[in-house]
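A.B. asks: Requesting a structural model of the entry that follows:
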Amino acid sequence: MPAAPLFYGRSPAEARRRTGSPRQLAGIDDLVETQGPARGARRLILTSGAGLTVHVHPDRALDLGAATYRGVPLAWHSPTGFPAPGLTVDSGTEWLRSFGGGLLATCGLDAFGPPSTEAGVDYPMHGRVGGIPATVTRAETTDEEIVVEGEVRQTTVFGENLVLRRRIKIPLGTARVVIEDRITNEAAAPAGTMVLYHANIGWPLLDEAAVLTVPSKSVTPRDAAAETGLADWWSISEPVAGYAEQVFKHDFSGCDEAEVAVDNPHLDLRLAIRFDSATLPALHQWKMMGEGHYVLGLEPTNVDWSLGRAAAREAGVLPVLEPGESVDHRVEFVCGPSEIRAASADAGGRSEA
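C.D. replies: Numbers count the residues shown, from 1 in each chain. Alright, predicted model coming up:
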């Protein structure tokens, strides 16, 4: 049996003596936006009872938006915000006009990376799933955990019929949020599947005091711009005017469950991302140290590829699900105290691949 949760060091029985309602500590708030581009969109706010608060966006594939731990924001937010589905356009690079950032933006289910065309079918930048509303089938606080479950169907006539069934869990009294996904091909033909879990770390967790740990087997630059920064892919600077993004591909194939992390010893805060490398064998690192766009993307993915859907098929690396076949993915976010002392970070920390 799982251990009973602790609420700020107190047992559930003791917590009940000190509160008027369990909702004082943990639970789900169910909201509908009333203003701006998000007007009409649903939002769930999950509070763990251990200082973690996470916003879930059902109308954006049950992705994660704002997240805080003990009052410290963890995720970068873009200037677009999180628009309602009617304002999401799935063509070309229009994904950038509704990419709100947040703790998790799911890319896929049949493409990610730059837009491309294969066999007469257009695949937009980072796929379509992130703009599809979910059917929420469960949103409940039990004696042990907060659970949100739902289904997102990416489909078209004469095309793909891919279903994402997502479960989001926060064990009560912890600072952990677990994403469990099952992607199923419900079409009558094989379907290429590409999925990337676009986690976006922002200030104040991300700053020049932060230390990045990525214990991958190897690191590869995406392009010439990343090649120029390969020698210090791990470093985190202050915001830089005119910074050009760099993307690095990290190989985790054949590893046990992987964990990458950002530590900020000045805040005494660590955010770790754990993922099952059996089905997510790679991680893409989006290093964007620009002013305003100051963000570190840590992105587990099912295929170590960055040139888009058509090129993946041509190179023979496109994962394929047969009719009725499913694949499971698991990603976990864990907050806690920094594991790096401030003096060590000030001396210059780095993570070797």
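
A.B. asks: And the strands in the stretch 251-353 of the chain?
C.D. replies: 258-264, 269-275, 282-289, 294-301, 320-321, 326-336 (DSSP state E, counting those that start in this stretch).

A.B. asks: just the helices in the chain please.
C.D. replies: 12-17, 224-227, 309-315, 342-346 (DSSP state H).

A.B. asks: got the contact list for residue 121?
C.D. replies: Counting by CB atoms under 8 Å, 6 or more residues apart in numbering, residue 121 makes contact with residue 159. C-betas here are computed from N, CA, C, even on glycine.

A.B. asks: Give the bridge partners for it, please.
C.D. replies: Beta-bridge partners for residue 121, by DSSP bridges, are residue 118.

A.B. asks: how near is it to residue 317?
C.D. replies: Remark: distance between residue 121 and residue 317 (CB to CB, to the nearest Å) = 18 Å.

A.B. asks: And residue 51, by the same measure?
C.D. replies: 41 Å.

A.B. asks: Give me the more crowded residue out of those two.
C.D. replies: A count of neighbours by other CB atoms under 10 Å puts residue 51 above the other of residue 51 and residue 317, at 16 against 13.

A.B. asks: Just give the number of residues close to the nearest residue to the more buried one once chain neighbours are set aside.
C.D. replies: Computed as CB to CB, 6 or more residues apart in numbering, the closest residue to residue 51 that is not its neighbour in sequence is residue 70, at 4.1 Å. Neighbourhood size, residue 70 [other CB under 10 Å]: 14.

A.B. asks: cool, and residue 81?
C.D. replies: Other residues near residue 81 come to 19 when the count uses other CB under 10 Å.

A.B. asks: Which residues are in contact with it?
C.D. replies: By CB under 8 Å, 6+ apart, the contact set of residue 81 is 36-38, 100.

A.B. asks: for residue 12, same thing?
C.D. replies: Contacts for residue 12 (CB under 8 Å, 6+ apart) come out as 4-5, 143.

A.B. asks: related to what we said a few turns ago, just the helices of the chain: most buried one?
C.D. replies: helix 309-315 (a mean of 17; mean count of other CB atoms under 10 Å).

A.B. asks: Can you find the helix or strand of this protein with the lowest average pLDDT?
C.D. replies: In the chain, the helix or strand scored least confidently by mean pLDDT, DSSP states H and E is helix 342-346, which has a mean of 59.

A.B. asks: What separation is there between residue 83 and residue 130?
C.D. replies: Residue 83 sits at a distance of 11 Å from residue 130 (criterion: CB to CB).

A.B. asks: With residue 26 instead?
C.D. replies: Noted for residue 26: a distance of 28 Å to residue 130, by CB to CB.

A.B. asks: Then residue 205?
C.D. replies: Look at residue 205 and residue 130: by CB to CB, they are 23 Å apart.

A.B. asks: circling back to that earlier point, which one of the contacts of residue 81 is nearest residue 227?
C.D. replies: Nearest to residue 227, judged by CB to CB, of the contacts of residue 81 is residue 100 at 30.0 Å.

A.B. asks: Hmm, the closest one is touching residue 79, no?
C.D. replies: No. With contact defined as CB atoms under 8 Å, residue 100 does not reach residue 79; the gap is 9.1 Å.

A.B. asks: Comparing the two, which residue is more hemmed in?
C.D. replies: More crowded of residue 100 and residue 79, by other CB under 10 Å: residue 100, with 23 against 9.

A.B. asks: Would you agree residue 196 is in contact with residue 298?
C.D. replies: No. Judged on CB under 8 Å, residue 196 makes no contact with residue 298 at a distance of 10.9 Å.

A.B. asks: Could you check which of the two has the larger neighbour count?
C.D. replies: For residue 196 versus residue 298, the count of surrounding residues by other CB under 10 Å is larger for residue 196: 26 against 23.

A.B. asks: Do you know the pLDDT at that one?
C.D. replies: Looking at residue 196, its pLDDT reads 98.

A.B. asks: before we move on, what about residue 256?
C.D. replies: For residue 256, the model assigns a pLDDT of 78.

A.B. asks: Now the nearest residue to it once chain neighbours are set aside. Its backbone dihedrals?
C.D. replies: In space, and not counting its chain neighbours, residue 256 is closest to residue 277: 7.1 Å by CB to CB, 6+ apart. The phi/psi pair for residue 277 (degrees, to the nearest 10) reads phi -80, psi -10.

A.B. asks: Now do the contacts for residue 277.
C.D. replies: The contact partners of residue 277, by CB under 8 Å, 6+ apart, come to 252-258.

A.B. asks: Which one (most neighbours) among these?
C.D. replies: The most crowded member of the contacts of residue 277, judged by other CB under 10 Å, is residue 252 (26 neighbours).

A.B. asks: measure it to residue 243 for me?
C.D. replies: Using CB to CB, residue 252 is found at 27 Å from residue 243.
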